[in-house]
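Enquirer: Have a look at this prediction, sequence included:
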Amino acid sequence: MLQKKICMLGGFSVGKTSLVRRFVQSIFSETYLTTVGVKIDKKSVALPDKTVDLILWDLAGEDDIGSFRVSHVRGATGLVLVVDGTRAATLAAALTLRERVEAEFGAMPFVLLFNKSDLADKWVIPDGEIDELRQRGWQIYLTSALSGEHVDDAFLQLASMVAK
Amino acid sequence: MHRLPKEVGKWIYNFFYNERSIAYVKIDAQLCIATTGGNIKHYGLSSLRIGQPVADQLEFMEGLLPCPELPYHMAMVELPSGRVADLHLFADDDCVWLLFLDATAERDNTQRLQQKAYEMTLLQERERQLNEKLQSMNEALRESQEGLQREYQRAETLLLNILPASIAERLKAREQIADNHAEVSVLFADIVGFTERARSVGAETTLAMLNYFFKAADLLSEQYGCEKIKTIGDCVMAVAGLPATRSDHAEALSHYALELRKAVKLERFAGEPLRLRIGIHSGPIVAGVIGERRFAYDLWGDTVNLAARIQTSAEPDEIRISDATQKLLGPDFACDPLAETELRGTGRVRMWRLTA
């Protein structure tokens, strides 16, 4: 059995839990319920050549990045970095979290999700900034846990990256 | 370390065992489950299979073992059963113990507080965003207002360039403008041989020539309180005694004519100074604005026609004035009488040459 630990990383209220729920259970709730501690979900993903079980660690998004427990990422083989497209500061938060994880455990595959793409009128991340990050060769998705847009694409992409 | 009395130790043991629902899983060197115990049922884990890999049965253990940083603690992990546990991993010879301590109540309490705190922070962020938006909208509004103001002033300046100020004011008040003026003097001036010169010097010099002439005409009209009404090709039409009446309109316009003739001599175009033909006549006219979008302030009447005829009849460098105008000039002006001449459409006319 191929089983991979994946960590959801990002500031608070960016939609980590909602993305996992959308991906695993195909549901979305408007109610914001903050995650405390860790929530673990499992989803089997069928790739062309094999099936991989993703063990999704939904980590609490910290207000204060300094208090993030890097040790929770131990054993992870991939990261889902989540940014709230309506809050510019959450991009820096996601990138900082990735740096801290890489400093501790070395580089690992990741996808970068700009979430809440349904909130077009509140969107604050310029397209140019996203293009710039794409040019680094990063896998970037504009997702909406509400509509489900690109959510599966992002997780499937990461699954194929970690299953290699 | 001080040993606690047996009774206290027992009490603490019972307290923790019951309150925190202690359970354990012993993991062997092959990373398989060796034994389980304690209140394992509380966590919905009664069916763990001894001798089978731990990571296959407890998903959160995936990738954790072997773990170089034992003891290892994970706070408030929500298990598939919905229970929340603090997990402790510690080593003992060649096996690893995994302890479960219930933290459901603690997690729920923390969550309530955290929820309030985050909601507050989100509200503050939203408020800040809205404030910034409001500020930039105000800024944009102010800028467009300033732009509008600048545009208005530009339009105003342009309007004043083509209309006398008092006429512009009345026009803005949507008044129909057609005024009778009993006593004004009208002047026409054009460049001698303009068409031929324009052909020989080229467009650029022609434009410079006209520009120079019209600018001089504008400048002097301000100086002598006359109004430049319009230009027709290379011809300037100016008036004195308008829109405000003045008794010395003939003298003002004569000064204007003398100065204009002088002014155009100061510059040479293709080696030649400009020479003018100037004609003046005085009498009643009608002044008004025609058109609504591309309005023109203009003068009508026989006085205007005659002034134009006189101008065409003038010699190069001559300022030719009608008898009516000459009668209005004071002793400061020098005039030579001209022979009565037949002018087209008006018959024989008495005219004078204004010399100084």
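Expert: Structure received.
Enquirer: could you check whether the lengthiest helix in chain B is close to chain A?
Expert: Determined from DSSP state H, the single longest helix within chain B is helix B:104-162. Yes - Helix B:104-162 comes into contact with chain A (Cβ under 8 Å from any Cβ of the partner chain), by way of B:Arg107, B:Thr110, B:Gln111, B:Gln114, B:Gln115, B:Ala117, B:Tyr118, B:Glu119, B:Thr121, B:Leu122, B:Glu125, B:Gln129. Every residue, glycine included, has its C-beta placed from N, CA and C.
Enquirer: Give me the neighbour count for B:Ala270.
Expert: 12 (other Cβ atoms under 10 Å in any protein chain shown).
Enquirer: I figured it was touching B:Val201, is that so?
Expert: Yes - here B:Ala270 lies in contact with B:Val201, judged by Cβ atoms under 8 Å, at a distance of 4.6 Å.
Enquirer: Name the residues of the host helix or strand of B:Ala34 that come out as buried.
Expert: For B:Ala34, the host element (DSSP states H and E) is strand B:33-38. Neighbour counts over strand B:33-38 (16 or more other Cβ atoms under 10 Å in any protein chain shown) mark B:Ile33, B:Ala34, B:Thr36, B:Gly38 as buried.
Enquirer: Please apply the same query to stretch B:297-307.
Expert: Buried, per 16+ other Cβ under 10 Å, within stretch B:297-307: B:Tyr297, B:Asp298, B:Leu299, B:Gly301, B:Thr303, B:Val304, B:Leu306, B:Ala307.
Enquirer: And the strands in chain A?
Expert: A:3-9, A:38-46, A:51-59, A:78-84, A:110-115, A:139-142 (DSSP state E).
Enquirer: Could you look up the SS state of B:Asp56?
Expert: What DSSP: H, G, I helix; E, B strand; the rest coil gives for B:Asp56 is helix.
Enquirer: how near is the residue nearest to it when sequence neighbours are not counted to B:Lys262?
Expert: Spatially, and ignoring its direct neighbours in sequence, B:Asp56 is nearest to A:Met1 (6.3 Å; Cβ to Cβ, 6 or more residues apart in numbering or on different chains). The gap separating A:Met1 from B:Lys262 is 107 Å, by Cβ to Cβ, to the nearest Å.
Enquirer: Please identify the residues of chain B in proximity to chain A?
Expert: Residues of chain B lying near chain A by Cβ under 8 Å from any Cβ: B:55-56, B:59-60, B:62-64, B:67, B:69, B:72, B:74-80, B:84, B:103, B:107, B:110-111, B:114-115, B:117-119, B:121-122, B:125, B:129.
Enquirer: Among the residues you listed, name the buried ones.
Expert: With burial judged by 16+ other Cβ under 10 Å, the buried subset of those is B:55-56, B:59-60, B:62-64, B:67, B:72, B:74-79, B:84, B:103, B:107, B:110-111, B:114, B:118, B:125.
Enquirer: now the residue lying closest to B:Leu354 once chain neighbours are set aside: how far from chain A?
Expert: Spatially, and ignoring its direct neighbours in sequence, B:Leu354 is nearest to B:Ile319 (4.2 Å; Cβ to Cβ, 6+ apart). As judged by Cβ to the nearest Cβ, to the nearest Å, B:Ile319 and chain A stand 69 Å apart.
Enquirer: wait, B:Ile319 sits on B:Glu259?
Expert: No - with contact taken as Cβ under 8 Å, B:Ile319 and B:Glu259 are classed as non-touching, separated by 10.7 Å.
Enquirer: Between these two, which is the more surrounded one?
Expert: Legend: neighbour count by other Cβ under 10 Å for B:Ile319 and B:Glu259, higher for B:Ile319 (27 against 15).
Enquirer: any idea of the pLDDT on the more buried one?
Expert: With respect to pLDDT, B:Ile319 scores 91.
Enquirer: Name whatever forms a beta bridge with B:Thr36.
Expert: B:Val25 (DSSP bridges).
Enquirer: Test my guess that it contacts B:Ile27.
Expert: No - look at B:Thr36 against B:Ile27 with Cβ under 8 Å: they stay out of range, at 10.1 Å.
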